[in-house]
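Asker: Dropping the sequence and predicted coords here.
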Amino acid sequence: MAKYLISFPSAAMKVSDSEMETVGRDAHAVIRETKQAGVYVFAGGIDETAPPVLVSANGTVAEGGYPWAPPLNGGFTVLELPTREEAIAWAARLAKACRCDQELRVFGFDPES
């Protein structure tokens, strides 16, 4: 079993305000299905109203994220699945619910995690 990250940046979701309630309902329905299937690990979105900070090894805090990196925002779902094909199938269901393409990545196994 591998853990898969299914995600999209905020800019990818191009839906009208009038559609947002329906999109939310549809996305939550898929998440409920992942829970019922026993593959759900975590889901949520980046709170874009709380700006990031960089924390150094000595505890120093600097406002903002890495200046050279693209902003991290949008929605994320982590599922634990036996195959890439199943991950693609769940990503397609989320893409349909969210009305935008989803990026699929696999987490590397870390026996200490």
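Answerer: All right, it came through fine.

Asker: hang on, residue 66 packs against residue 72?
Answerer: No - contact criterion C-beta atoms under 8 Å: residue 66 and residue 72 do not qualify, at 9.4 Å. Using the backbone N, CA and C atoms, a C-beta is placed for each residue, glycine as well.

Asker: which of those two has more neighbours?
Answerer: The residue with more neighbours, out of residue 66 and residue 72, is residue 72; 14 against 10, by other C-beta atoms under 10 Å.

Asker: Count residues in the vicinity of the closest residue to the more buried one other than its chain neighbours, would you?
Answerer: In this structure, residue 72 finds its nearest non-sequential neighbour in residue 46, 6.0 Å apart by C-beta to C-beta, 6 or more residues apart in numbering. Residues within reach of residue 46, counting by other C-beta under 10 Å, total 16.

Asker: cool, residue 54 as well?
Answerer: Neighbourhood size, residue 54 [other C-beta under 10 Å]: 12.

Asker: same thing with residue 60?
Answerer: Residue 60 sits with 9 neighbouring residues when counted by other C-beta under 10 Å.

Asker: Cheers, nothing more for now.
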